[in-house]
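Participant: Here's my sequence, what's the structure:
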Amino acid sequence: MKNLPTITPAAVEQPEAAPAEAAARTITYPLVGGGFLSVACPAWCTETHEHDLLQGVDPADVVHEGDDVSTSFELACNNGTQTLLQARIVQAPYSETLEERRPHVVFRPEPDNETVADQYMTAAGLNRVIKQLQTYTIELMKLSKQLGEARAEEHAGRRAWLDAQDRPVPPSPLSLNVADAQSMPLAYLMKQFNARVIEENVGEGEGLAETRMVRVGDEFQVRLDYRLTQIMREDAIRRLFVQYLGGAR
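Facilitator: So this is what the prediction gives:
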């Protein structure tokens, strides 16, 4: 009999204390025209300024830069990566332009071509980007749901065609794969697994009951703690199906 997966509720971890704010740095730059300029770096600046220290600077060229926030995608065509949506805090304290002298965000949708979406982005511009990405995320979530429904429809149609042709139909759930279990509607998966949920109560003060799946005859029994919320139940059941089909725990 195939070993059935179990899921043990994870212990709640205490959040780590926030790291202490970086100590202020004072950097003395050699000036191109001779002399030196001492500048205190703000706490958010993570730029090493090594190039400036070696080559010398004009005061207007001194720039503070924070860590970049970006997202990268693996490319199927050449096994490379594409970085998108790069944003970082920047300040040029001795610039002739007021906007540059104040901390602002430089936002590059495509960092490789140095295109700047908003040259001196403030909180208002950053919030617009955040709302745009939130809307995009919602649309991707809708697309994910649609994908699961499409895979379920194709799966049901394929099994019906095999049955109509008097061809062998793989027994459920062996006709499914990990990607199916990760995306198909849970109600469809429950039907394919012939699964039934059984709530368990281990008693007060005993923690959550172990979530597990047990096969009894032709039926799969999903045993879980009765106190789990609906979202937690659905997530746990889906993970059990994924694990049964060979996916990661």
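Participant: just so I have it, where are all the helices in the chain?
Facilitator: 50-55, 98-101, 123-164, 178-183, 186-193, 230-244 (DSSP state H).
Participant: Next, find the distance separating the closest residue to Leu147 other than its chain neighbours from Glu149.
Facilitator: Spatially, and ignoring its direct neighbours in sequence, Leu147 is nearest to Ser183 (5.5 Å; CB to CB, 6 or more residues apart in numbering). Just so you know, the C-beta spots here come from the backbone N, C-alpha and C atoms, and that holds for glycine as well. With the distance defined as CB to CB, to the nearest Å, Ser183 ends up 9 Å from Glu149.
Participant: Just want to know which of these two has more residues nearby.
Facilitator: Neighbours per residue (other CB atoms under 10 Å) separate Ser183 from Glu149, with Ser183 holding more: 18 against 14.
Participant: you'd agree the residue nearest to Leu147 is up against Arg151?
Facilitator: Yes: if you go by CB atoms under 8 Å, Ser183 and Arg151 touch, sitting 5.7 Å apart.
Participant: Next up, the contacts around the most centrally placed residue in the chain.
Facilitator: For the chain, the residue nearest the mean C-alpha position is Thr71 (9.5 Å; CA atoms, centre = their mean). By CB atoms under 8 Å, 6 or more residues apart in numbering, Thr71 lies in contact with 83-85.
Participant: what about burial for those residues, which qualify?
Facilitator: Neighbour-count burial (16 or more other CB atoms under 10 Å) applied to the contacts of Thr71 gives Leu85.
Participant: Kindly indicate which of the contacts of Thr71 lies nearest Leu162.
Facilitator: Among the contacts of Thr71, Leu84 lies closest to Leu162 (CB to CB), at 42.7 Å.
Participant: separation between the closest residue in space to that closest one that isn't next to it in sequence and Val242?
Facilitator: Among residues not flanking Leu84 along the chain, Thr71 sits closest, at 5.7 Å (CB to CB, 6+ apart). Per CB to CB, Thr71 is found 25 Å from Val242.
Participant: Next: Leu140.
Facilitator: Counting by CB to CB, the gap from Leu140 to Val242 is 20 Å.
Participant: what does Val105 give?
Facilitator: With distances taken as CB to CB, Val105 is found 39 Å from Val242.
Participant: what do you get for Asp163?
Facilitator: Counting by CB to CB, the gap from Asp163 to Val242 is 26 Å.
Participant: More neighbours: these two, which one.
Facilitator: Taking neighbours as other CB under 10 Å, Asp163 and Val242 compare with Val242 leading, 21 against 11.
Participant: mind listing what the closest residue to the more buried one other than its chain neighbours touches?
Facilitator: Computed as CB to CB, 6+ apart, the closest residue to Val242 that is not its neighbour in sequence is Ala181, at 4.5 Å. Contacts for Ala181 (CB under 8 Å, 6+ apart) come out as 189, 238, 241-242, 244-245, 247.
Participant: before we move on, what about Arg233?
Facilitator: 197, 224.
Participant: just checking, what packs against the strand of greatest length in the chain?
Facilitator: Longest strand of the chain, by residue count under DSSP state E: strand 81-91. If you count contacts as 3 or more CB pairs under 8 Å, 6 or more residues apart in numbering; DSSP states H and E, strand 81-91 packs onto strand 64-65, strand 69-74, helix 98-101, strand 104-108, helix 123-164.
Participant: how distant is it from the center of its chain?
Facilitator: Computed by CA atoms, centre = their mean, to the nearest Å, the chain-centroid distance of strand 81-91 equals 17 Å.
Participant: Could I get the helices of the chain in CSV, plus columns for distance to Cys41 and mean pLDDT?
Facilitator: Listed next are the helices of the chain as CSV, based on distance: least, CB to CB, whole Å; pLDDT from 0 to 100:
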stretch, distance to Cys41, mean pLDDT
helix 50-55, 12, 92
helix 98-101, 15, 95
helix 123-164, 22, 94
helix 178-183, 46, 95
helix 186-193, 52, 95
helix 230-244, 44, 95
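Participant: Appreciated, that's everything.
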